[in-house]
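Participant: predicted model, plus sequence, below.
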Amino acid sequence: MLFANTWALRKLILPGALLFSPGLSLAAFGQGPAPIADSDFVQIKRIDPTIVIDLRYAGPNNFVRRPLYPPGMPALVRYSVAKRLVFAQKYLKEHGFGLKIWDAYRPQAAHQQLWEANKNNSYVADPKEVGSMHTRGAAVDVTLVDLKGKEVPMPTEFDNFTPAAMINYQGSDPVIRSNLKLLQKAMGRAGFYGLRTEWWHFCAADWTTFPPVAEVHLLAEAPRPNP
């Protein structure tokens, strides 16, 4: 089971929810909304509703061919990471595009299943070593969509474990090259950097400051930051 109480989690997944940050006292919520720390977890869709969400591990459309996340799992990241996504989305919209999120926060149990399915450290981080940036809430897997939400041509599909998925596109299609360059520019300006083997993976530059979190639970509402 990915969460200690999956039913309770589903009951709590509401539009506009903030996730409980380990170490934050419940008493902090006693007098109305509490300030949101950059380390708190938030729903990406609440912070910017224009970002498209398609969590591949919430369904069978992934390399293990089965869901790894519980029903209703939202796309979650640290608040500071969400604010960077807002910046990247704003930049992309000015150029006629937007973000689609394929993966965000990943529970430890789900990552362990990915590792068991593909023990290749070039694509799946060894849980016994540094672990996944996703489990820290500091990384996202993304692609580009047009302003109608339709995916545009990119080097490969998600979870393509071949040289074609390298961050440096080696193909000859000028449209794909342009799309990838735009995505990388938007994410770079927002404070992310990429992964050599996966063009879709981007992590916050300060990801090491966030500890891995095995599971999280929703508590309160998060405001949207100014772009």
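Facilitator: Sure, I can see it.

Participant: so the residue minimising distance to the centre of the chain versus residue 146, what's the distance?
Facilitator: Closest residue to the average C-alpha location of the chain: residue 104 at 1.9 Å, with C-alpha atoms, centre = their mean. With distances taken as C-beta to C-beta, to the nearest Å, residue 104 is found 21 Å from residue 146. C-beta here means a position set from N, CA and C on the backbone, and glycine is covered the same way.

Participant: might one say that residue 187 is in contact with residue 88?
Facilitator: Yes - Residue 187 lies in contact with residue 88 (C-beta atoms under 8 Å); the separation is 5.4 Å.

Participant: okay, now residue 44: neighbour count?
Facilitator: By other C-beta atoms under 10 Å, 24 other residues sit near residue 44.

Participant: hmm, residue 51 and it touching each other?
Facilitator: Yes - counting by C-beta under 8 Å, residue 51 is a contact partner of residue 44 at 5.7 Å.

Participant: any idea how far stretch 52-72 is from the chain center?
Facilitator: Computed by C-alpha atoms, centre = their mean, to the nearest Å, the chain-centroid distance of stretch 52-72 equals 13 Å.

Participant: show me the contacts for the residue nearest to the centre of the chain.
Facilitator: Going by C-beta atoms under 8 Å, 6 or more residues apart in numbering, residue 104 touches 44, 55, 75-77, 134, 137, 139-141.

Participant: hmm, try it at 6 Å
Facilitator: Residues counted as contacts of residue 104 (C-beta atoms under 6 Å, 6 or more residues apart in numbering) are 75-77, 140.

Participant: for those, which one is nearest residue 182?
Facilitator: The nearest member of those to residue 182, counting by C-beta to C-beta, is residue 140 at 16.3 Å.

Participant: who touches stretch 171-188?
Facilitator: Residues from elsewhere that reach stretch 171-188 (C-beta under 6 Å, 6+ apart): 88, 91-92, 144, 152-155, 169, 202.

Participant: could the residues you listed go into TSV alongside neighbour count and pLDDT?
Facilitator: What follows is the contacts of stretch 171-188, written out as TSV (neighbours: other C-beta atoms under 10 Å; pLDDT from 0 to 100):
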residue	neighbour count	pLDDT
88	25	98
91	18	98
92	23	98
144	23	98
152	18	98
153	12	98
154	19	98
155	21	98
169	20	95
202	28	98
